[in-house]
Structures are given as structure tokens and as C-alpha cells.
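A.B. asks: Build me a model:
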Amino acid sequence: LLDMCRNNAAENLGAHQDRSGREMSALNELAQLLALPAPPRIIESYDISNTAGSENVAGMVVFRDGRPYKAHYRKFKIKGFTGQDDYRSMAEVLDRRFAEYENGADDAFGTLPDLILLDGGKGQVGAVKEVLDRMGIDVALFGMVKDSKHKTRAITGDGGEIAINSTRSVFTLVSEIQEEVHRFSVGFHHKKHT
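C.D. replies: This next block holds a predicted model:
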């Protein structure tokens, strides 16, 4: 009964905010699953792409109200080191992203997200958490964990994993975000490599 009430309320709210009930419901469920204070309106997601440690790049995608917001997608070239190190790469990218926020130079970087989802597990989350702590940025941070078939299986924070396959709308949303950030970063990597 409570789920039905939440879904009905999400549809009603979505109609007034130009969002579908499905998207609002998924964002509400995601907020509950991750113990967020409110449904995340702006979600940023990051992925690293390279070929055996060369041509290191990263992609940032933004979902606003559960939908891709391509005007705020950004690409990064890893400049701080050579070789393959996903943790250092992710930390560098988020350090640069939030330095831009502090400078207020770019519209995409001028707003703090409500949630950051990294393509990776606890290692990536730990590397980025250090950056956020050092810069005094308070944003919910989680990693998207894949299974052996490269499909989304769980979300992880700095603790254990949270299974998402039991919550269909959250699973669909997180899978869409993970696939989109992967597609965007790999596409940039291929273009740069070519």
C-alpha cells in the first residue's frame, strides 16, 4: 500500500515538474536505497577509459531528473601521470571537476550534484572520497559494480555492496547511467586514439 502511494505521489509530482512517474519513482527508490535525504535531481557519473595504460581519458555524464542531460557532459584527458591507474585517474578527474566548481568557470561545473556514481568499486570510491574530503565537498558518493558479464550488479559505498537487482526501476536507472558513461568515455577514448 505504501509503495502504491509513493508511486502515485511520484506520478503526480512528475506531471507538475515535467518528469514521468517512472523516473520519479526510480529516483525515490534510489534515494531510499542509498539513504539519501531526498531524491537526487542531478546525478553525475564518471568512467575511465584507456588502452593498456595509454591514451588515458575519462567521461562525465549528467542525468537531471532521471534523464541524460547531454549539454553538461564533459571529457577529460588524464594529465597527472602516465600508465594505468584507475584510482589515481578517477581522483584526478574529480579533483579537476571540483576545482572548476570552486572557480565557477563553467556552467556544467557550477552546480554541485546530489549524487556521484563512479564506474567502479570500493577502490574508486575511496580514491575520490579523499578528494571530496580534502576539498570540503559534501556529495553522496557511490560506485557501480559490474558482474563478470560487464553488467550492473550492485552499488557500493565505503562499506559493503547494496544489491539493486531486486528493485527493478533502480536497477534500470543505474544500468542506464552506467552504460551511458561507459559509452561516452570509450567513444572519447577511441576518437583520441584514432
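A.B. asks: quick one: low-confidence parts of the protein?
C.D. replies: The chain contains residues with pLDDT under 70 at 10-21, 51-54, 105, 166, 189-190, 192-194.
A.B. asks: what about 50?
C.D. replies: 18 (pLDDT under 50).
A.B. asks: Please enumerate the helices of this structure.
C.D. replies: Under the criterion DSSP state H, helices of the chain are mapped to 2-16, 21-33, 86-103, 122-135, 168-193.
A.B. asks: Select, out of those helices, the one closest to residue 70.
C.D. replies: Closest to residue 70 of the helices of the chain is helix 168-193 (C-beta to C-beta; 9.1 Å). The C-beta positions use only the backbone N, C-alpha and C, and glycine is treated the same way.
A.B. asks: Which of the residues in the closest one are classified as buried?
C.D. replies: By 16 or more other C-beta atoms under 10 Å, the buried positions in helix 168-193 come out as 169-171, 173-182, 184-185, 188-189.
A.B. asks: ditto for stretch 133-143
C.D. replies: 137, 139, 140, 141, 142, 143.
A.B. asks: For residue 44, see how far away the fourth one is.
C.D. replies: Using C-beta to C-beta, to the nearest Å, residue 141 is found at 10 Å from residue 44.
A.B. asks: Need the residues touching each of those two.
C.D. replies: Common neighbours of residue 141 and residue 44, using C-beta atoms under 8 Å, 6 or more residues apart in numbering, are 115, 116.
A.B. asks: picking up where we left off before, would CSV of the helices of the chain with distance to residue 111 be doable?
C.D. replies: Output for the helices of the chain, formatted as CSV (distance: least, C-beta to C-beta, whole Å):
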stretch, distance to residue 111
helix 2-16, 21
helix 21-33, 17
helix 86-103, 8
helix 122-135, 15
helix 168-193, 18
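A.B. asks: among these, which is nearest residue 67?
C.D. replies: With C-beta to C-beta, the closest approach to residue 67 among these belongs to helix 21-33: 6.7 Å.
A.B. asks: related to what we said a few turns ago, taking the buried residues of stretch 133-143 together, which two end up most distant?
C.D. replies: Pairwise distances among those were taken by C-beta to C-beta; the largest, 16.8 Å, belongs to 137 and 143.
A.B. asks: Correct me if wrong: residue 88 contacts residue 127.
C.D. replies: Yes: Residue 88 is within contact range of residue 127, at 7.0 Å (criterion: C-beta atoms under 8 Å).
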